[in-house]
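1. Sequence first, then the predicted structure, then my questions.
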Number of protein chains: 2
Amino acid sequence: MVVGKSVTRIDAYDKVTGRAKYTDDLCDKGALIAKVLHSSIAHGRVKKIDTSEAEKIKGVVKVVTCFDIKEKHYFPTAGHPWSTDPHHQDVSDRLVLTDKVCFYGDDIAAVVAEDEVAAAQAIRALEKTVEYEEYPVVTDPIEAMKDGAPQIHEKYKNNILAHTEIRRGNYAEAIKEKDLVVVDKWYELPSVQHCHIENFICYAYKEKGRICIVSSTQIPHIVRRVVGQALGIAWGKVRIVKPYIGGGFGNKQDVLYEPLCAFLCEQVGGRLVKLDLSREETFTSTRVRHAMKIHIISHVRKDGSLAARKAELYSNQGGYASHGHSIVAKAMGSFPQLYPCDNVEADAYTVFTNRSVAGAMRGYGMPQMSFAMEAHAEDICKVLNLNSREYRRKYLMPKGYVDAFSKNEQYFDSFNQCLDKAMVKIDYEKKLKEYSNQTGDIRRGIGMSVFWYNTAVWPISLESSSCRMVLNQNGSVQVQMAETEIGQGADTVWAQMTAEVLGIPFEDVHVVSTQDTDVTPFGTGAYASRQTYVGGFAIRQTGLMMKERILKYAHELTRMPEFNLDIVDGNIVRTTDGRVLMSLGELATTALYSLENSQHITSESTYQIKSNAYSFGCCIAEVEVDIPLCRVQVKNIVNVHDCGTLINPALAEAQVHGGMSMGIGYALSERMVFDDKGRLLNGNLLDYKLSTFMDHPTLDADFVENPEPTSAFGTKALGEPPVCPVSGAIRNAILQCTGVAIDELPLAPQNVFNAFSKAGLLK
Amino acid sequence: MVVGKSVTRIDAYDKVTGRAKYTDDLCDKGALIAKVLHSSIAHGRVKKIDTSEAEKIKGVVKVVTCFDIKEKHYFPTAGHPWSTDPHHQDVSDRLVLTDKVCFYGDDIAAVVAEDEVAAAQAIRALEKTVEYEEYPVVTDPIEAMKDGAPQIHEKYKNNILAHTEIRRGNYAEAIKEKDLVVVDKWYELPSVQHCHIENFICYAYKEKGRICIVSSTQIPHIVRRVVGQALGIAWGKVRIVKPYIGGGFGNKQDVLYEPLCAFLCEQVGGRLVKLDLSREETFTSTRVRHAMKIHIISHVRKDGSLAARKAELYSNQGGYASHGHSIVAKAMGSFPQLYPCDNVEADAYTVFTNRSVAGAMRGYGMPQMSFAMEAHAEDICKVLNLNSREYRRKYLMPKGYVDAFSKNEQYFDSFNQCLDKAMVKIDYEKKLKEYSNQTGDIRRGIGMSVFWYNTAVWPISLESSSCRMVLNQNGSVQVQMAETEIGQGADTVWAQMTAEVLGIPFEDVHVVSTQDTDVTPFGTGAYASRQTYVGGFAIRQTGLMMKERILKYAHELTRMPEFNLDIVDGNIVRTTDGRVLMSLGELATTALYSLENSQHITSESTYQIKSNAYSFGCCIAEVEVDIPLCRVQVKNIVNVHDCGTLINPALAEAQVHGGMSMGIGYALSERMVFDDKGRLLNGNLLDYKLSTFMDHPTLDADFVENPEPTSAFGTKALGEPPVCPVSGAIRNAILQCTGVAIDELPLAPQNVFNAFSKAGLLK
């Protein structure tokens, strides 16, 4: 059994020694350099760009502006599986370069030059010549929805990309019940950026008449399709290669600049062109987490039970559709499920504004909604003077709950198991007692928050995964998967699963880490916390197919019937007496070189997944609040997750640590600040306060392993969940010790000051 | 029908624009540089190498000598399929570095340095310190076989690596027949070198604990195995990548320096190490064509019929076994077949000498034996005053001839068809008449020569080929093959075959040109003129499997039974009325993204080939001989081949042109000159007289297309054959017009002078 063990990740040594190759490492040093001219206004139209000065600069090979885009192939950028149904396709609203500017940082021209310096000089030369027709700017979704607000995309009235609703029971009737307490609150979540270490980078070249792009992406097969759409060429004319990547967190689940890079490559006759974004460009011109304003009204009985609830979610989409409405829709979808209620109304709006484009980011709407819902739960407790833990014990989604749409079921009592474990670990009861009724300037507080998360995207979209295995002469195996290693340890998990299914040593599994759409079996990539869940099916099925072939060949060699044979630790074993008949290596070598029956034993298959699974967890945080300084520090924090069976506990723990770190940043310090012209003011790692390990206490992670019955290996989502409950727990801890409910993230001094002032806590 | 058309090769534009990537293009510019210290004696033992001065040189990272090889993993180098039967395995006589020197240029030490200069300085520093124990040197195989000759490898008595024989009928009795004319002649063939444009080059690095080597090789999967053997590690721990290569001609059908490069990489902790041989090293220390001395005695009746024949072949193996005896054995094998005779004795000896190692080279023994046999045929004609053409018409292998061992059959009257076509093309009869009875100093002559060649290696060795096909959304397909593109156009031919089998446009086939042993289906590579023959089976089988899957899916979508469906020009067509039901692209897209039945349609299979096929052809050459200058020029030359059905006539013609060029060089100018110490005197492209297009007339190539019934596409060998008959035809043309039989190649002024002097032609 290697599944369930904390084996060392297979890329560990290559990564710590610097031997692992990332996109820039692989790019030929003679590559032409592309740079993008981004708009310096947030809304308007480019009237003119004069390229003559830029073209005179030595080393400049090509200058292309939005006016050179003759064939307008609008394309979508969301890393979603394609749908052949046009109604389920993502919005195609991007061009490689545009004269219609929708946000500060839009792409209006580009240069290709022999080197970085010439390219940068050309961009500066171009920049001076741009003439705009400026339009009024709107940056807030609620403002943008008003009649008379600036219209960003013609076809979307009041800038509403989409509005969906949930109606359950009869809200209007239910609120008439007597003696209900109304808790009516707004929660506000800022835009934040993923801040992956490796900025977006790709390079493109032509080979044999096709375009090949090496890119730091999570979704190579989707990038292939989108580049085909963007260039107006057959998708098979595009090849995408994905090496190791230095983080993605959902930003690289969008097709960012591969289409432009490919276009520029075509413009220079197919020569090698590299497009390497700066940190500043990554901030303004890739994707951000959706800022949201969430309004929740709960009509609560004295015992805390919910008579009726209403929610309004306003999601700030920025200038283009990207993943669009699916993110706030997912957030809203959790509303009637987390604390089930018979009478629910909810409305979610995705609204275009002239801000940086929002897209996928770890949690996909749930960090926002978890914060709002768990802050709101605590607000209810506060109003009704209920115990936080008891409230959750009584009203959270119970064991046996089934969601009508996804068919997901809470098979176990996961919430209570997770909370109980977390409480023990952090010594909750004792601390809660200790931290009650403090009055000093510096106080300790403790708070909790839960979340749930769906695994993968079925039934909303396609879920399928393909796998290929190749047997070597020594009995070792290569595994090819299209679900990508993006730092989370997917490759290691594939190796463990493969070893397990085939009955071979872990060391004998060689995962082909690099995806190449020409040869990698089809799959849609890394997102939706789906990798182990979805990939597990493909590996199990493909491995069993390979095992069947192997045992069939073993039968030929040994005359033992297949049903009396098995593969154990890399050997062909007779199950009747446990005798080793031969090693798998002997069998593989014989099969390959047999003069009678030569076979290269490989197997390949696609598994279509028509299920989904709930993932659960909680966070409990202990904070120290310095009231006069308006400073919040996290002193202890624990996340406990039920993500099903753990394939690799050490990797799972690391995954949770990363998510907790991201959650702490989201809670305490991170926010993209835009001025009223839509200009990002802190788009760099000096001014943007990314949380670092200096801001963290020891991150404590633990698990409740309830095996998911729909899953090939008992697993379910873990990638995104850890970030979801953190900010709510911290916010609730502050509330616990100060009595002040802060409803806007981040809980940084400025917001804390406003809240404490209002509450009269500051003298 | 795209098979049979001269479509443009798929790599044409990339190659002429310099965009195609070769090994050195792909190697990171920061690679460490390895250089080899070759022995400066041809036979002896290294007593001492002092590394201290070399190690002091700035930039030197590692110095390794033969004394550092603690674990002696002897390995073979021949690019043959592995055999699990030890008796059929190639001789394992190499070490990555050796203290026992067997030829001038043997590998005794190596350095790894930061750059070329430091590496070269270190080699020079090392060189000065080497102390040898010198042994007597032997360079001629017949001398080497004598008792008392220096023994090169202990276990081979009289330096004989192998001796095989053919005995048919009763030679001793048959020669007693009355009135037989005896033609008893020796023919002598020199060592020549392949002179591929790209010298041997490879680089190695560690990734995830495995060794990865990118190499200019013809045989990636075999290199993997041999590197495993040489390092004493599991073969699955080795990964080989083969990019485009700049020629191989059999030299890169040996595993040359990949094991040493891998070993050096290990010595520097797995860092990237490049080993790029110079032209001089390629001459001395890679492989050469076997020099041979061939003795043929024919006992001939007055009508030219053969009563009995005897042949002795002495093949100069050089210092190590490499491909060993298989080459001269193949040569000898043709002896009883080309001109069938009831009473035959033949003996072939492969003999070690202290010369550069002989290995595979285009023709694999047949250029030598074709020369000898066709010179001998002409000598018989001369003695008996028979017409060359009539003699061949009567006595060459007839239609219906079957070889008992290979089961190859001459299904058509190929020799006569080829000869007749060639005679018309060069106007043979007229010229022969015209050139008879010349007496001047400058004469024209015309001569002919034929050959046959087996396709592939069955039944001597394994023949199998694997293929994988991957369907894209637009109905285009990737094809992966392990048989390699080495300049001959294999990739283009795969694309044509695939398009043909699947019924899709040629442009829609994307051949994965680079082999990567991790993901490329298993196959043994490019050699034995087997590619189109062997690969054709795998493509046909795999393509039909894919077609079956496609039509099955089409049945699901259309309800039309599969037997009424076909794929025509990339469309799913109902055969009953020819109606296009959908494009293959629509089907592929539907299959991939179906929410009901998602499938990535791919197929993969191994085809084991248990057959072989005769390939035939002839050359007629017209020469001008300047007797006083002893100069021979080829004025007209034509090769006509029956290689079965042509897949791509233009590529076939180019293949023949290349072979004819190589044949002209072999005939007229090329020879490696060794002194009696075994030192190569002309190992560079200034002193070695490689033939160039300046030395050629227009090369005329034509074909007789007799479809081979054992073949998937009617094809058989063409890669090596064109070189085989050329030198014999030229030699026979000189004989025709001067009466002088020159029996030693090359027909360069020195040999011509000797022969003409002896014949009294020079005043």
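-> All right, it came through fine.
2. C-alpha coordinates for the host helix or strand of A:Val227, CSV please?
-> Here A:Val227, judged by DSSP states H and E, is contained in helix A:220-231. Taking Å, rounded to 0.1, in the frame of the first residue of the first chain, the C-alpha atoms of helix A:220-231 are listed here in CSV:
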residue,chain,number,x,y,z
PRO,A,220,-2.8,23.0,-21.9
HIS,A,221,-5.5,21.2,-23.8
ILE,A,222,-7.9,24.2,-23.2
VAL,A,223,-5.2,26.7,-24.3
ARG,A,224,-4.9,24.7,-27.5
ARG,A,225,-8.5,25.1,-28.2
VAL,A,226,-8.6,28.8,-27.4
VAL,A,227,-5.5,29.7,-29.4
GLY,A,228,-7.2,27.9,-32.3
GLN,A,229,-10.3,30.1,-31.8
ALA,A,230,-8.3,33.3,-31.4
LEU,A,231,-6.3,32.7,-34.6
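3. List the contacts of the closest residue in space to A:Tyr395 that isn't next to it in sequence.
-> Nearest in space to A:Tyr395, with sequence neighbours left out and distances taken as C-beta to C-beta, 6 or more residues apart in numbering or on different chains, is A:Tyr339 at 5.1 Å. (Each C-beta comes from the backbone N, C-alpha and C, glycine too.) Listed by C-beta atoms under 8 Å, 6 or more residues apart in numbering or on different chains, the contact partners of A:Tyr339 are A:Leu306, A:Arg309, A:Met373, A:Ala377, A:Tyr395, A:Leu396, A:Met397.
4. so of those residues, which ones are in strands?
-> Per DSSP state E, strands hold the following members of the contacts of A:Tyr339: A:Leu306, A:Arg309.
5. how distant is whichever helix in chain A runs longest from the center of its chain?
-> Taking DSSP state H as the criterion, chain A has its longest helix at helix A:531-558. Averaging C-alpha positions (C-alpha atoms, centre = their mean, to the nearest Å) puts helix A:531-558 31 Å from its chain's average.
6. is chain B contacted by that helix?
-> No - between helix A:531-558 and chain B, judged by C-beta under 8 Å from any C-beta of the partner chain, nothing touches; the nearest distance is 10.1 Å.
7. Next, the buried residues of that helix.
-> Using 16 or more other C-beta atoms under 10 Å in any protein chain shown as the burial criterion, the residues of helix A:531-558 that qualify are A:531-543, A:545-547, A:549-551, A:553-555, A:557-558.
8. Just give the nearest non-adjacent residue to A:Ala204, would you?
-> Nearest residue to A:Ala204 in three dimensions, chain neighbours excluded: A:Cys265, at 4.0 Å (C-beta to C-beta, 6+ apart).
9. What's the local residue count around the one you found?
-> 26 (other C-beta atoms under 10 Å in any protein chain shown).
10. now A:Ser278
-> A:Ser278, neighbours per other C-beta under 10 Å, totals 15.
11. That one: what's it in contact with?
-> A:Asn199.
12. and what of A:Ala329?
-> A:Ala162, A:Thr164, A:Ala348, A:Gly365.
13. Please enumerate the strands of the stretch 101-250 of chain A.
-> A:107-113, A:131-134, A:160-168, A:181-189, A:201-207, A:210-215, A:238-242 (DSSP state E, counting those that start in this stretch).
14. Can I get the third one as PDB, trimmed to CA atoms?
-> Once side chains and other backbone atoms are set aside, the C-alpha atoms of strand A:160-168 remain, and they are given as PDB (Å, rounded to 0.1, in the frame of the first residue of the first chain):
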ATOM      1  CA  ILE A 160     -25.000  42.800 -16.100                       C
ATOM      2  CA  LEU A 161     -23.100  39.900 -17.600                       C
ATOM      3  CA  ALA A 162     -25.500  37.600 -15.900                       C
ATOM      4  CA  HIS A 163     -28.100  37.400 -13.100                       C
ATOM      5  CA  THR A 164     -29.300  34.100 -11.700                       C
ATOM      6  CA  GLU A 165     -31.500  33.400  -8.800                       C
ATOM      7  CA  ILE A 166     -32.600  30.700  -6.300                       C
ATOM      8  CA  ARG A 167     -36.200  30.500  -5.100                       C
ATOM      9  CA  ARG A 168     -37.000  27.900  -2.500                       C
END
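15. how far does that strand sit from the chain's center?
-> 23 Å.
16. Go through the contacts of A:Tyr339 and name the one nearest B:Cys381.
-> A:Met397 (98.9 Å; C-beta to C-beta).
17. Show me the shaky parts of the stretch 451-600 of chain A.
-> Residue ranges of the stretch 451-600 of chain A with pLDDT under 70: none are present.
18. Tell me who's in contact with the nearest residue to A:Leu502 once chain neighbours are set aside.
-> Nearest residue to A:Leu502 in three dimensions, chain neighbours excluded: A:Gly543, at 5.1 Å (C-beta to C-beta, 6+ apart). Counting by C-beta under 8 Å, 6+ apart, A:Gly543 touches A:Cys467, A:Met469, A:Met497, A:Thr498, A:Val501, A:Leu502, A:Ser603.
19. Mind listing the strands the helix or strand containing the last one pairs with, and their directions?
-> Read that as A:Ser603. Using DSSP H and E, A:Ser603 maps to strand A:602-608. Sheet pairing of strand A:602-608 (DSSP bridges) gives strand A:464-471 (antiparallel).
20. And the helix or strand that comes right after the partner strand, how far out from the chain middle?
-> Next along the chain after strand A:464-471, taking DSSP H and E as the criterion, comes strand A:477-481. Chain-centre distance of strand A:477-481: 24 Å, with C-alpha atoms, centre = their mean.
21. State the mean pLDDT of stretch A:9-17.
-> Stretch A:9-17 shows a mean pLDDT of 96.
22. A:Ser6 reaches A:Ala650, doesn't it?
-> Yes - using C-beta atoms under 8 Å, A:Ser6 is in contact with A:Ala650, at 3.5 Å.
23. pLDDT (mean, whole number) over stretch A:737-755?
-> For stretch A:737-755, mean pLDDT is 97.
24. So which bits of it are buried?
-> For stretch A:737-755, the neighbour count (16+ other C-beta under 10 Å) marks A:737-738, A:740-749, A:751-752, A:755 as buried.
25. Among these, find me the one that's closest to chain B.
-> A:Leu745 (37.1 Å; C-beta to the nearest C-beta).
26. Surely the closest one and A:Gly665 touch.
-> No - between A:Leu745 and A:Gly665 there is no contact under C-beta under 8 Å: 10.2 Å.
27. Can you tell me how far A:Leu313 is from chain B?
-> 27 Å (C-beta to the nearest C-beta, to the nearest Å).
28. Which residue ranges of the stretch 501-650 of chain A form helices?
-> Under the criterion DSSP state H, counting those that start in this stretch, the stretch 501-650 of chain A carries helices at the ranges A:531-558, A:584-593, A:649-668.
29. Oops, could you answer that again for the stretch 201-350 of chain A instead?
-> All helices of the stretch 201-350 of chain A, identified by DSSP H, counting those that start in this stretch, fall at A:220-231, A:258-267, A:279-285, A:326-333, A:335-338.
30. and those helices as CSV, adding mean pLDDT?
-> Shown next, in CSV, are these (pLDDT from 0 to 100):
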stretch, mean pLDDT
helix A:220-231, 98
helix A:258-267, 98
helix A:279-285, 98
helix A:326-333, 97
helix A:335-338, 96
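31. Would you enumerate the residues in contact with A:Gly250?
-> A:Gly250 neighbours (C-beta under 8 Å, 6+ apart): A:His194, A:Gln218, A:Arg287, A:Gly359, A:Ala360, A:Met361, A:Arg362, A:Tyr364, A:Tyr527.
32. I'd like to know which of those is nearest to chain B.
-> A:Tyr527 (16.3 Å).
33. how near is the nearest residue to A:Ala748 once chain neighbours are set aside to A:Ser727?
-> Take A:Ala748 and drop its neighbours on the chain: the residue closest to it by C-beta to C-beta, 6+ apart is A:Ser669, 5.4 Å away. A:Ser669 sits 11 Å away from A:Ser727, taking C-beta to C-beta, to the nearest Å as the criterion.
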